[in-house]
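> got a sequence here, can you model it:
(2 chains)
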Amino acid sequence: MLTALCLIVGLLVLVGAAALPLAGRASGARLVHGITALAGAALVAGGIGGLLGGPEVLHLPFGPPWGPARLAIDPLSAWFLLPLGLSVGCASLFALGGVHGPVAPRLLVPWPIFVAGMALTILAADGFTLLLGFEAMSLASWALVAHDDAQPENRRAARIYLGFAGFGGLALVLAFGVLSGVAGDTAFAALRDAPPEGARAFAVLLLVLAGAGSKAGIAPLHVWLPLAHPAAPSHVSAVMSGAMTKVALYVIARFAFDLMGPAQPFWLGAPLIALGAASAVIGALRANLEDDTKVLLACSTIENIGLIAMGLGLALAFRGADLPALAALAAAAALLHTLNHAVFKTLLFLVAGEVLHGALSRRLDRLGGLIHRMPVTAWAALAGVAAAASLPPLSGFASEWLLLQALLAAWRVGDIAFQMGVAAATALAALAAALAAAAMVRFWGLVFLGRPRTPRAAGAVERTGASQWALLVPAALTILLGLVPGTMLDLAEPALRLMAGTAAPQTGWLAIGAAEGGAQYWPIPVALLLAAAIGLTAWVVRRRAPAGVVPGPAWDCGFIAAPQHLPFGDPASQPSAAGFAQPLRRMLGTSLLGAHEHVAMPGPGETRAAVLTTGFADPAMAVLEGPLPRWRDALTAQAERLRGLSIRQCLGLTFGAVVLMLALLAWLPGR
Amino acid sequence: MRFGQITYDLSHLLGGAVLLLSFVLLYQRRIGAVINAFAMQGTLLALAAAWAAHAQGVRGLYLTALLAFVVKGVLIPLALHRLVRQLNLHRTVETALGVGPSMIAGVALVGLSILAVLPATEAVSALTRENLAFALSVVLLGMLMMITRRNAISQVIGLLSLENGLILAAVGVAGMPLVVELSTMALVLMVAIVAGVFAFQIRERFDTLDTGSLEEHRGERR
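Sure, this is the predicted structure:
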């Protein structure tokens, strides 16, 4: 199994190299995307095989100079292969349907390498291999984000993305350094034998949170997501959101639950819970305010990543507090939401790509009424949107319900500060879920309902073939995963055992629930009940409706008829994206995001219209663009002084460095 | 080989003597005396290499000893003396760092190198360990001399004495290939020649050998 997965990674790298000559023809580009789609399916198969089979270890015959490259598959990595494979498969299928001629090599070559890097990160069993995969993933995705460098905002996005990628890699290198200590062996087996304690464990966790968390989009290192996702092609943003962030979460989980050993205090989970709650609220709130479909979806990703991080943190805390059953519950919520979010967010990004292709815009204010012109896309999007809004019986509900159950049980960790913190986090998680639902209503309503806001939206066309299948498959999976969460949890049971340290209870396909005697969620009966209620309502409405109904023109809120030059109605007579966002911006945006409004009134006698300017700024971005460059410049000015040193002072610096290193060498072995 | 055997004791003595001369180099103020001390150090280094050749039974080290003696004990000091006479520097007295502070710094560096080397080399024989500690001390003292002196010739001597430390390390460790030592020696010769040429040039242009005067002539800034 592992050998086959390893060969898939190698094959993807080769395909990436071969993509350079293949990009010249449409058939070549189709071949590359087809192979990548098949590789995605194979990764899913490998993940299921890894969950059902036992762990395996493979030492490659090549590697870094000091030893072989090690690969391994265990239940945790096998589980994360599922979201990766599903997301990559659907996105490649979507890209396959979009090939109509030669593709630019800069768009085609990094794509298989990106996928290979993610798979390698998951399969790695030593620090070097993991970092190799992680950096391949970062660089290849950077190349894809930077592919359209004609636009200044894309260049800025690529620059910031590269900065974050470099920072993340550096932090991970340091994390491995601190974890392996003076021995310097980064093989996972060796790291497990010497788990860190106390301050060292905390330092490792913080470094991993900075390194992998910046890639996953955990606040306050989330600012690259809303910038990079619109810059990348749609299938790439789908995988960046659906799979790459999950790979980063996998790195966090691998460190926190495996490499750092089981004997960690419960408060080690607190940073994850706190940062997760912050990400969830900030992401969901921003998703309500953005007016670009892909930016909105990227912000929703931040929210969901925050929820998963909370699940991981809770599991860590429960395990530290010796509550293995609850740890399994929280880990189940995190793992299930990882999979569910990967599927529905891939779907939603592909929908955004399809809308961009059909209606030529990502801006909510230029779309509208697309359900008439793009019905399949609209209904597929509805499945994804309802899951993202965590409505039963779709997939998002099951995992978020589990997370809330875990949060509500957190009082059993007997530390008053922790209990208070988790109570606040519970409120924030609920707030985030509600905000996410509002954001999804706004997204779907503005894009697909109402009247077209532009002629191009009125003339939107829907593609058929592979692109449409790429939407239907994840939509069907979203519904299916929502109906059988219990089966998925049984499949994930080995991974839960690895994370929680105890056997998780078998749940069966019918119901999932908190520990013995706790609340239960029965997805299929709930679905039947909902279907029955909706059917009954429809039947009653039809039954009670008077005969001979004639559809009339829709009421347009009392506006006068649109002028002749606006054949599709006056766009101003529909709510705009900014108008929809206004209540939340005023309620929460002013305090959390520094939202501002300004009315420029014309003076007496002037004929110009009054202008309302609104906006908001993410505080993390403000820090990134405000004090950070100032500090950097100050540091550079200081460093510049080194160039003015005399020869003796330069020699003195070298001498001082040598003496310092020797002093460290003399001091360290005694420790 | 352990304490009390003649091989060990003599190696120890010679290594210690080389280190002692490094201290002499550090505090000596007259340029002529510095050169003499350096010649002495080169000769002692040659003796240490010859004894190592005898003790380890490696023929190649006799060649190292011969080269060290001819180049460091005779040729370079003679050339430096000539340079000093030509530039009329015999009477120069330079005080970059006082005797007391430089002695204290030197002792601290020796202590540091012993603390760093001895725990790191627990697996090897006692002689090698102590030789390495001596050699590292000589290297550090050479560096210290380079940064505390202002005169270009003294700085060159600091560099050469640093290199003496490297040779001492190389001869002390059994099994170091000869080619390493020979290439180091050739390198140092080149460095010495280049440094001599530079000293002439500096003197001709600026009428002093104080490297501080170069600072005013750097291209950027200032």
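> in chain B, where is pLDDT below threshold?
Counting by pLDDT under 70, chain B shows low-confidence ranges at B:1-4, B:90, B:92, B:95-96, B:127, B:174-181, B:204, B:207, B:209, B:212-222.
> what's the helix or strand for residue A:598?
For residue A:598, the element it lies in under DSSP states H and E is strand A:596-600.
> show residues contacting that strand.
A:586, A:590, A:610, A:611, A:612, A:613, A:614, A:615, A:616 (CB atoms under 8 Å, 6 or more residues apart in numbering or on different chains). From N, CA and C alone the C-beta is placed, and that goes for glycine too.
> please apply the same query to stretch A:548-568.
A:451, A:452, A:453, A:454, A:455, A:458, A:569, A:570, A:573.
> what's the closest non-adjacent residue to the residue in chain B that chain A sits nearest to?
Here chain B gets closest to chain A at one residue, residue B:115, 3.7 Å apart by CB to the nearest CB. In this structure, residue B:115 finds its nearest non-sequential neighbour in residue A:666, 3.7 Å apart by CB to CB, 6 or more residues apart in numbering or on different chains.
> isn't there a strand covering that neighbour?
No - the assignment for residue A:666, made by DSSP: H, G, I helix; E, B strand; the rest coil, is helix rather than a strand.
> quick one on the thing from earlier: helix or strand: which one has the residue of chain B closest to chain A?
Per DSSP H and E: helix B:99-120 holds residue B:115.
> dump that helix to CSV, keeping only the CA atoms.
C-alpha atoms of helix B:99-120 as CSV (Å, rounded to 0.1, in the frame of the first residue of the first chain):
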residue,chain,number,x,y,z
VAL,B,99,49.6,43.4,29.1
GLY,B,100,47.2,42.7,31.9
PRO,B,101,44.0,42.6,30.0
SER,B,102,45.5,40.6,27.1
MET,B,103,46.9,38.0,29.6
ILE,B,104,43.5,37.7,31.3
ALA,B,105,41.7,37.3,28.0
GLY,B,106,44.3,34.7,26.9
VAL,B,107,43.9,32.7,30.0
ALA,B,108,40.1,32.8,29.6
LEU,B,109,40.4,31.6,26.0
VAL,B,110,42.6,28.7,27.0
GLY,B,111,40.1,27.8,29.7
LEU,B,112,37.3,28.0,27.2
SER,B,113,39.0,25.8,24.7
ILE,B,114,39.8,23.2,27.3
LEU,B,115,36.2,23.2,28.5
ALA,B,116,35.0,22.9,24.9
VAL,B,117,37.4,20.2,23.7
LEU,B,118,37.7,17.9,26.6
PRO,B,119,34.0,16.9,27.0
ALA,B,120,33.6,16.7,23.2
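> pull the distance from that helix to the chain's centre.
Distance of helix B:99-120 from the chain centroid (CA atoms, centre = their mean, to the nearest Å) equals 16 Å.
> residues in contact with that helix?
Against helix B:99-120 from outside (CB under 8 Å, 6+ apart): A:659, A:662-663, A:665-666, A:669-670, B:19, B:22-23, B:26-27, B:97, B:129, B:132-133, B:136-137, B:140-141, B:144, B:148.
> the helices in chain B, which residues?
B:6-27, B:31-56, B:60-67, B:76-87, B:99-120, B:126-148, B:152-172, B:178-206 (DSSP state H).
> dump those to JSON lines, plus mean neighbour count.
Shown next, in JSON lines, are the helices of chain B (neighbours: other CB atoms under 10 Å in any protein chain shown):
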{"stretch": "helix B:6-27", "mean neighbour count": "20"}
{"stretch": "helix B:31-56", "mean neighbour count": "22"}
{"stretch": "helix B:60-67", "mean neighbour count": "19"}
{"stretch": "helix B:76-87", "mean neighbour count": "17"}
{"stretch": "helix B:99-120", "mean neighbour count": "17"}
{"stretch": "helix B:126-148", "mean neighbour count": "23"}
{"stretch": "helix B:152-172", "mean neighbour count": "24"}
{"stretch": "helix B:178-206", "mean neighbour count": "15"}
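> Throw the ones you listed into a markdown table and include distance to residue A:36, thanks.
As requested, the helices of chain B are exported to a markdown table (distance: least, CB to CB, whole Å):
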| stretch | distance to residue A:36 |
| --- | --- |
| helix B:6-27 | 65 |
| helix B:31-56 | 63 |
| helix B:60-67 | 61 |
| helix B:76-87 | 67 |
| helix B:99-120 | 50 |
| helix B:126-148 | 56 |
| helix B:152-172 | 55 |
| helix B:178-206 | 52 |
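> out of the ones you listed, which is closest to residue A:399?
helix B:99-120 (52.9 Å; CB to CB).
> my guess is residue A:215 contacts residue A:248, does it?
Yes - the pair residue A:215 and residue A:248 passes the contact test of CB atoms under 8 Å, sitting 3.7 Å apart.
> what's the overlap in contacts for the two?
residue A:168.
> coming back round to it: buried only: go through the contacts of stretch A:548-568 for me.
Buried subset of the contacts of stretch A:548-568 (neighbour count, 16 or more other CB atoms under 10 Å in any protein chain shown): A:451, A:452, A:453, A:454, A:458, A:569, A:573.
> quick check: phi and psi on the third one?
Backbone torsions for residue A:453, taken as degrees, to the nearest 10, come to phi -90, psi -20.
> same check, this time on the second one
Main-chain dihedrals, residue A:452, degrees, to the nearest 10: phi -60, psi 140.
> just give the number of residues close to residue A:238.
33 (other CB atoms under 10 Å in any protein chain shown).
> over to residue A:27?
Burial of residue A:27 is recorded as 10 neighbouring residues (other CB under 10 Å).
> against chain B, how distant is the residue nearest to residue A:307 when sequence neighbours are not counted?
Counting by CB to CB, 6+ apart, residue A:307 lies nearest to residue A:280, which is 5.4 Å off, once chain neighbours are set aside. Using CB to the nearest CB, to the nearest Å, residue A:280 is found at 50 Å from chain B.
> contact partners for residue A:280?
The neighbourhood of residue A:280, defined by CB under 8 Å, 6+ apart, consists of A:302, A:303, A:304, A:306, A:307, A:310, A:428, A:429, A:432.
> part of a strand, is it?
No - membership of residue A:280 in a strand is not supported by three-state DSSP, which gives helix.
> how far away is it from residue A:293?
21 Å (CB to CB, to the nearest Å).
> could you pull out the helices for the stretch 1-150 of chain A?
Listed in chain order, the helices found in the stretch 1-150 of chain A under DSSP state H, counting those that start in this stretch are A:2-22, A:26-52, A:75-97, A:105-108, A:110-123, A:127-145.
> hmm, I was thinking of the stretch 451-600 of chain A
According to DSSP H, counting those that start in this stretch, the helices that the stretch 451-600 of chain A contains are A:455-458, A:466-483, A:485-491, A:493-500, A:523-544, A:577-584, A:590-592.
> indicate which one of these is closest to residue A:509.
Nearest of the helices of the stretch 451-600 of chain A (CB to CB): helix A:485-491, 4.7 Å.
> quick check: residues of chain A near chain B?
A:643-644, A:646-648, A:651-652, A:654-655, A:658-659, A:662-663, A:665-666, A:669-670 (CB under 8 Å from any CB of the partner chain).
> what's the burial count for residue A:655?
18.
> my read is it is in a helix, agree?
Yes - checked against three-state DSSP, residue A:655 lies within a helix.
> one step back: and the helices of the stretch 1-150 of chain A as CSV, adding mean pLDDT?
Conversion of these to CSV gives the following (pLDDT from 0 to 100):
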stretch, mean pLDDT
helix A:2-22, 93
helix A:26-52, 94
helix A:75-97, 95
helix A:105-108, 91
helix A:110-123, 96
helix A:127-145, 94
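> got the ones you listed as TSV, with distance to residue A:240 columns?
Formatted as TSV, the helices of the stretch 1-150 of chain A follow (distance: least, CB to CB, whole Å):
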stretch	distance to residue A:240
helix A:2-22	17
helix A:26-52	15
helix A:75-97	9
helix A:105-108	14
helix A:110-123	9
helix A:127-145	6
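> quick one: closest of those to residue A:621.
Judging the helices of the stretch 1-150 of chain A by CB to CB, what sits closest to residue A:621 is helix A:127-145, at 16.9 Å.
> name the helices or strands packed onto that closest one?
helix A:110-123, helix A:152-180, helix A:234-239, helix A:245-253 (3 or more CB pairs under 8 Å, 6 or more residues apart in numbering or on different chains; DSSP states H and E).
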